[in-house]
Structures are given as structure tokens and as C-alpha cells.
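Asker: Could you look at this predicted model? Sequence included:
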Amino acid sequence: MYKFLFAPGVLFLLISCESGVKNPKKEFTGKEIFKNNCVLCHGIKGDLMTNGAKDLRLSEMKIEERILIITKGRNVMTGFEDKLGSEEIRKVAEYTMTLKEQ
Ligand code: HEC
């Protein structure tokens, strides 16, 4: 009798451990963060310039300044310190650096 209860129990444990390994908490890439938060004003290529947003393809801004403006905001652009973690802000800032080359 015990054998019949035990086997499915072990199987269930194995399956739940396995799926835990396969689905770690999803991390967004810089591109995804940009799509989710920035395209409204900057556009997918960075050149939309809604509400006076700067053309990110032409920006000469250094990475530290970008991180600062994304964190704290400037004029019409709101800061993202409440919405994004510092790691995500760094990733999306790095992504904006790549828009220039496209
Ligand atoms: C509400 C519209 C809006 C959103 C959303 C927005 N921006 Fe902006 N962004 C602006 C505006 C407007 C400026 C120009 C600010 C100024 O200097 O007056 C700007 C400027 C910038 C600059 C500086 C460019 C330069 O050379 O001066 C960077 C970098 C930037 N945005 C990145 C981002 C990123 C990354 C996101 C998403 C996390 C984002 N922005 C979301 C409106 C927006």
C-alpha cells in the first residue's frame, strides 16, 4: 500500500524541482526594457522625439550621464528610479548607446 503512495510523491517532488530550475525569474534585456518604457517618447529606433524627446541616435551623452537622466529624469522626461532597478537602468542606458550604430 505504502509503495503506491510513495512513488507518485517522489515523482511529484522531482518534477517540481526540475521546473524550478528551468524557469528562473525572468530578467529583461536592455532592449526589452527600452521597448516597455521608452518607445512612447523615443520610438523604437530612438528618433521619435515625442514631446521634445532627444534623438537618441544623435546623442553624444556618456553612459554615466544617461544613467543619471534615466534615474532622475530631466524636464519632460520622468525619472525611472521608482519603476526600474539600478541594474535595469544600467542595461537600458547601455542599450541606448547602441542605437547610434544602427
Ligand atoms: C515622457 C516621455 C519620455 C519617456 C517615457 C522617456 N524619455 Fe528620455 N527624454 C525625453 C525628453 C523630453 C528628453 C529631453 C530632456 C531634456 O533635456 O529636456 C529625453 C532625454 C533622454 C536622454 C538624453 C539624450 C541627450 O543626449 O540629451 C536619454 C539618454 C534618454 N532620454 C533615455 C531614455 C530612456 C532609456 C527611457 C526609458 C527608460 C526614456 N528616455 C524614456 C522624454 C522621454
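Answerer: Arrived safely. All values reported here derive from a predicted model rather than from experimental measurement.
Asker: Would you map the helices across this structure?
Answerer: Ranges of helices in the chain, per DSSP state H, are 2-22, 30-37, 39-42, 63-72, 86-98.
Asker: got a list of contacts for the shortest one?
Answerer: The contact list for helix 39-42 (Cβ atoms under 8 Å, 6 or more residues apart in numbering) reads 34, 48-51, 53-54, 56, 76-77. Bear in mind the C-beta positions are built from the backbone N, C-alpha and C, glycine included.
Asker: Select from the helices of the chain the stretch with the lowest mean pLDDT.
Answerer: Lowest mean pLDDT of the helices of the chain: helix 2-22, a mean of 54.
Asker: What number of residues are in the vicinity of residue 74?
Answerer: Other residues near residue 74 come to 12 when the count uses other Cβ atoms under 10 Å.
Asker: what bridges to it?
Answerer: Beta bridges link residue 74 to residue 77 when assigned by DSSP bridges.
Asker: Check the gap between it and the ligand for me.
Answerer: Shown here: residue 74 relative to the ligand, a distance of 4 Å by Cβ to the nearest ligand atom, to the nearest Å.
Asker: Per-residue pLDDT of that residue, please?
Answerer: 96.
Asker: I'd like to know how many residues surround residue 61.
Answerer: Neighbours around residue 61, by other Cβ under 10 Å: 16.
Asker: residues in contact with it?
Answerer: So residue 61 contacts residue 69 (Cβ under 8 Å, 6+ apart).
Asker: From the centroid of this structure, which residue is nearest?
Answerer: For the chain, the residue nearest the mean C-alpha position is residue 33 (3.2 Å; Cα atoms, centre = their mean).
Asker: from memory that one sits against residue 91, does it?
Answerer: Yes - Residue 33 lies in contact with residue 91 (Cβ atoms under 8 Å); the separation is 6.1 Å.
Asker: circling back: separation between the closest residue to the residue nearest to the centre of the chain other than its chain neighbours and residue 31?
Answerer: Take residue 33 and drop its neighbours on the chain: the residue closest to it by Cβ to Cβ, 6 or more residues apart in numbering is residue 92, 4.2 Å away. Separation of residue 92 from residue 31 (Cβ to Cβ, to the nearest Å): 8 Å.
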